[in-house]
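**Q** below are the sequence and a predicted model for it; my questions follow.
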Amino acid sequence: MHPTFRLTTTRFDEDYTPSADTRTTTNFANLARGESRQQNLRNAIAMINNRFNDLVRWDNPTGDRYAIDLDIVSVDLHLREAFPVIEVLNVSIRDLSTGSVTPGIVGNNFSSYIRDYDFSVTLPNGMPDDFGVLHGRIFQRFLESDAYRSRFAQDPVICISVSTSRTYERTQNEHPVLGVEYVQPEGSLTDLYFGKMGLSVRYFMPPGSVAPLAFYHRGDLLNDYTPLQLAGTVATMETFQKIYRPEIYNANSVAPAIYRPSLEHSDFSVPKVDYDRDERARLGKEQGAYADEYLMRPYGTILEEWTTR
């Protein structure tokens, strides 16, 4: 058996409805449920567009030149049947003054059933020596696949929250879009997990932000992508983090030089977007069990053999 990948895309806009195959813990799927779903989506997209124009001030005197288009990229792994393994976001940048569309960065958000399995099924029983190895190999096989390379010209960048279990120190290094760089010498569990996927990490607090973001990447983060592309990722993922973790990313004070993020922080503003964090944690366990039953038990050995060949 030779597993293969297949990609499908869904536009993330105010009319977005999660498909039956979408992980229900996926952050953007969480926003698209309930009575306020359309207003949730409309507000989130407005936040992204406003933040992007705020970051991209050159030749943009009125601050409304650009709009961001987001596509959810769903990745199925085909064995005897298709199993949804990964979802990421792809950014496109529309210049409203010229009508041109510039490709942004793919990745950004990252969702994975196998990661749910690793963290909610495997990890509670103790961390094995090969924790995250299979997931990392499958991810790297995906990046090497024809399905990925025929669609995307660049490697992905995944942008998420910094860890609440680590302390970050501000440096003198500063990028015009990514902002001030922070460092921390002890990799978090998430850093190590993404490392198994072949990704390095750097932490930056963009101009106008109140906390650093973690950027996971393969190549040269600062030189492989244009400022416009980096601004698209910052605008998109900082907006989602303001919604998901307002205690950190919508705090009313800026991160100090020595910074320990905390979800116990009480001085923050709540965005006008509903998000159920408790539901997400509960569903993560359910979906880890789903991956265990329908992927890891029947196909785990096949995946091990395939990824080590």
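**A** Perfect, I can see it now.
**Q** in the stretch 101-250 of the chain, which spans are strands?
**A** 101-112, 157-161, 168-175, 179-183, 200-205, 213-217 (DSSP state E, counting those that start in this stretch).
**Q** export the longest one to CSV, keeping only CA atoms.
**A** To tie it back to what came earlier, the one meant is strand 101-112. These are the backbone C-alpha positions of strand 101-112, laid out as CSV (Å, rounded to 0.1, in the frame of the first residue of the first chain):
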residue,chain,number,x,y,z
VAL,A,101,-3.5,39.3,-5.9
THR,A,102,-0.2,38.3,-4.3
PRO,A,103,0.3,34.8,-2.8
GLY,A,104,0.9,34.9,0.9
ILE,A,105,2.2,32.2,3.2
VAL,A,106,0.6,28.8,3.6
GLY,A,107,0.6,27.2,7.1
ASN,A,108,-0.3,29.8,9.7
ASN,A,109,-2.9,27.8,11.7
PHE,A,110,-2.1,24.1,12.1
SER,A,111,-4.6,21.4,13.0
SER,A,112,-3.9,17.6,13.0
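**Q** how much space between the most centrally placed residue in the chain and residue 248?
**A** The residue lying closest to the centre of the chain (Cα atoms, centre = their mean) is residue 109, at 1.7 Å. Relative to residue 248, residue 109 is positioned 17 Å away (Cβ to Cβ, to the nearest Å). C-beta here means a position set from N, CA and C on the backbone, and glycine is covered the same way.
**Q** which residues are in contact with the closest residue to residue 89 other than its chain neighbours?
**A** Excluding its sequence neighbours, the residue lying closest to residue 89 (Cβ to Cβ, 6 or more residues apart in numbering) is residue 108, at 4.1 Å. Contact analysis of residue 108 by Cβ atoms under 8 Å, 6 or more residues apart in numbering lists 88-91, 157-159, 233, 236-237.
**Q** quick one on the thing from earlier: between the strands of the stretch 101-250 of the chain, which one is nearest to residue 40?
**A** strand 101-112 (15.8 Å; Cβ to Cβ).
**Q** and the angle for that closest one with strand 213-217?
**A** Counting by axes from the mean of the first three to the mean of the last three Cα atoms, to 10 degrees, strand 101-112 lies at 100 degrees to strand 213-217.
**Q** what pairs with strand 101-112, and is each one parallel or antiparallel?
**A** Take DSSP bridges as the rule and strand 101-112 pairs in its sheet with strand 82-95 (antiparallel), strand 157-161 (parallel).
**Q** okay, buried residues for that strand please.
**A** 103-112 (16 or more other Cβ atoms under 10 Å).
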